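> Here is the input, now give the coordinates:
(3 chains)
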Amino acid sequence: MLIPFQQLLDLPATLESGQAFRWKRLDDSSSGGDGWYEGVIFNNVVRLRHDAEGIEFRCGPDEESAMAPLVADYLRLSDDLDAIYRSINVDEKIGSAIDRFRGLRLIRQEPWECLVSFICSANSNIRRISTNVEDISKSFGRPIALDGRERHAFPSPQELAEAGEGPLRELGLGFRAKYVAPVARMVADGEVDLFALREASYNDALEALIALPGVGDKVANCVMLFSLEKMEAFPVDVWVDRALRDWYLDRLNANGADASGKVTKKGMRPWAQGYFEAYAGYANQYLFHDRRLQGRATTS
DNA sequence: AGCCAGGCCCTCC
DNA sequence: GGAGGGCCTGGC
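Residues are numbered from 1 along each chain as shown, chains lettered A, B, ... in the order given. Reported below is the predicted structural model:
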């Protein structure tokens, strides 16, 4: 099925920029063509390809006609990128990052999977996070298939709560298992309503997320940005930290420093949110992607 | 071999 | 309140 779409979109950058962890680029032999990505969203195996006419996709077990609006929503196709660029393009640094990755979109993930994924991200790396999320799905999620290729749905909070910490450790989550297990229990019991946080203010959502074990400011901002509609969220990880210090140190020293005059992660986020304003999260993703591809060698 | 990877939490000061 | 160390594990 085709979702007609003629506007800016860089699908590979969008799916491979570390926002979500279950997308795989398929090779020719298994997909019968170039440019296909396969992931699992909304309890479906979904394959996507972008061409001049729009987004071609297939899915199972649900009907393509039912999945089409969810895919469009997931890819944030209604975001007006040109308007967002006008909003965040406040200097030549971020401008150059925008030029390099025009069409990179934030995605609107399912909050529960997003939360678990970023709890798993602590002191880890993208490849390992991907392995963790895939292993969690294989062990505790329902099998689903498309054209004979089997994947697994991401398990529900109940399913993960029943699994408990021990089996999660056995999957190689390490110390993150002791956070994922209780958070699953809390979400399953309704102590936190993740979808309700979409309607909450940024500050209320942040407070609710940080109350969860294994969730600090960085993880909470990732969850808010990638799944809870908080476009002003601004997660400061090591890459964004490096990018900001490299490009904005003078401004940070003037406005993002703490009482003792030092620039800290804690001070960087509010500064950046004030500097890039309503769509700071988009600026964040471009800074992150730019710096991550650039690698560590050039930082000093 | 030792260090680091897209942090968080706890302890001490 | 904030600086410092520990934490699972895999990869270089």
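
> hey, where'd the helices end up in the stretch 151-300 of chain A?
Assigned by DSSP state H, counting those that start in this stretch, the stretch 151-300 of chain A shows helices spanning A:157-163, A:165-170, A:177-188, A:196-199, A:202-210, A:217-227, A:238-255, A:265-276, A:280-294.

> Just put those helices in a markdown table and tack on mean pLDDT and mean neighbour count.
All C-beta atoms are positioned from the backbone trio N, CA, C, and that covers glycine. Shown next, in a markdown table, are those (pLDDT from 0 to 100; neighbours: other C-beta atoms under 10 Å):
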| stretch | mean pLDDT | mean neighbour count |
| --- | --- | --- |
| helix A:157-163 | 98 | 19 |
| helix A:165-170 | 97 | 16 |
| helix A:177-188 | 98 | 20 |
| helix A:196-199 | 98 | 16 |
| helix A:202-210 | 97 | 17 |
| helix A:217-227 | 98 | 25 |
| helix A:238-255 | 91 | 17 |
| helix A:265-276 | 94 | 18 |
| helix A:280-294 | 95 | 23 |
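
> I'd like those as JSON lines, with distance to A:S117 appended.
JSON lines is the format used below for these (distance: least, C-beta to C-beta, whole Å):
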{"stretch": "helix A:157-163", "distance to A:S117": "12"}
{"stretch": "helix A:165-170", "distance to A:S117": "13"}
{"stretch": "helix A:177-188", "distance to A:S117": "10"}
{"stretch": "helix A:196-199", "distance to A:S117": "16"}
{"stretch": "helix A:202-210", "distance to A:S117": "14"}
{"stretch": "helix A:217-227", "distance to A:S117": "8"}
{"stretch": "helix A:238-255", "distance to A:S117": "17"}
{"stretch": "helix A:265-276", "distance to A:S117": "20"}
{"stretch": "helix A:280-294", "distance to A:S117": "15"}
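
> In JSON lines, list those helices along with distance to DNA strand B.
Formatted as JSON lines, the helices of the stretch 151-300 of chain A follow (distance: least, C-beta to the nearest atom of the strand, whole Å):
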{"stretch": "helix A:157-163", "distance to DNA strand B": "17"}
{"stretch": "helix A:165-170", "distance to DNA strand B": "14"}
{"stretch": "helix A:177-188", "distance to DNA strand B": "7"}
{"stretch": "helix A:196-199", "distance to DNA strand B": "16"}
{"stretch": "helix A:202-210", "distance to DNA strand B": "7"}
{"stretch": "helix A:217-227", "distance to DNA strand B": "3"}
{"stretch": "helix A:238-255", "distance to DNA strand B": "4"}
{"stretch": "helix A:265-276", "distance to DNA strand B": "8"}
{"stretch": "helix A:280-294", "distance to DNA strand B": "7"}
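
> so which of those comes closest to A:R142?
helix A:157-163 (8.6 Å; C-beta to C-beta).

> helices or strands next to the closest one in the packing?
helix A:126-140, helix A:177-188 (3 or more C-beta pairs under 8 Å, 6 or more residues apart in numbering; DSSP states H and E).

> ok, back up a step: compare the helices of the stretch 151-300 of chain A and give me the one nearest A:L70.
Nearest of the helices of the stretch 151-300 of chain A to A:L70, taken as C-beta to C-beta: helix A:217-227 at 13.7 Å.

> Can I get the closest one in PDB? Just the C-alpha atoms.
C-alpha atoms of helix A:217-227 as PDB (Å, rounded to 0.1, in the frame of the first residue of the first chain):
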ATOM      1  CA  ASP A 217      16.300  13.700  33.400                       C
ATOM      2  CA  LYS A 218      17.900  12.400  30.300                       C
ATOM      3  CA  VAL A 219      15.800   9.300  29.900                       C
ATOM      4  CA  ALA A 220      12.600  11.200  30.800                       C
ATOM      5  CA  ASN A 221      13.300  13.800  28.100                       C
ATOM      6  CA  CYS A 222      13.900  11.000  25.500                       C
ATOM      7  CA  VAL A 223      10.600   9.400  26.400                       C
ATOM      8  CA  MET A 224       8.800  12.800  26.300                       C
ATOM      9  CA  LEU A 225      10.300  13.800  23.000                       C
ATOM     10  CA  PHE A 226      10.000  10.400  21.100                       C
ATOM     11  CA  SER A 227       6.600   9.300  22.500                       C
END
